[in-house]
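Novice: Build me a model:
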Amino acid sequence: MTEINHEVDYDKEERLPWIIWLGLFILLQIVFMVMEYFSWSLIGPGKVAEKLAHFIRLGEWFHVYQSLAANLATLILGVILLINGIFRLTKKAWGE
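Specialist: Model (predicted):
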């Protein structure tokens with residue numbers, strides 16, 4: 001007789017939010033590339049963003065786009081995704 005496996009794959013449910021955020025990050029990068037290609041300046045850095053970028057010296061070591069706001073958004077979202085990914089990998093490696 002054949003056995004039916006009724007186990008739920010919880011990994012897929014846990015990965016889905018991370019995959020959605022990764023997709024949004026990639027979509028945002030495409031938007032930034034299009035904005036830079038056509039020289040659109042739809043977003044500008046606010047005072048807080050300018051102070052943060054000056055504090056971490058963003059222009060000296062992280063210069064992907066010409067826009068300060070795009071560089072800051074890319075850096076912040078990238079760090080969040082990286083930390084979240086590392087957390088999920090270590091959680092899976094050492095068990096819950």
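
Novice: any low-confidence regions in the protein?
Specialist: The model of the chain has pLDDT under 70 over residues 1-13, 41-45, 96.

Novice: Could you say which helix or strand holds Asn71?
Specialist: Asn71 is part of helix 68-93, with elements assigned from DSSP states H and E.

Novice: I'd like to know which elements that helix is packed against.
Specialist: helix 10-37, helix 47-55, helix 58-61 (3 or more CB pairs under 8 Å, 6 or more residues apart in numbering; DSSP states H and E). C-beta here means a position set from N, CA and C on the backbone, and glycine is covered the same way.

Novice: From the chain's centroid, how far away is that helix?
Specialist: A distance of 5 Å separates the centroid of the chain from that of helix 68-93, by CA atoms, centre = their mean, to the nearest Å.

Novice: Now do the buried residues in that helix.
Specialist: Residues of helix 68-93 classed as buried: 68-75, 77 (neighbour count, 16 or more other CB atoms under 10 Å).
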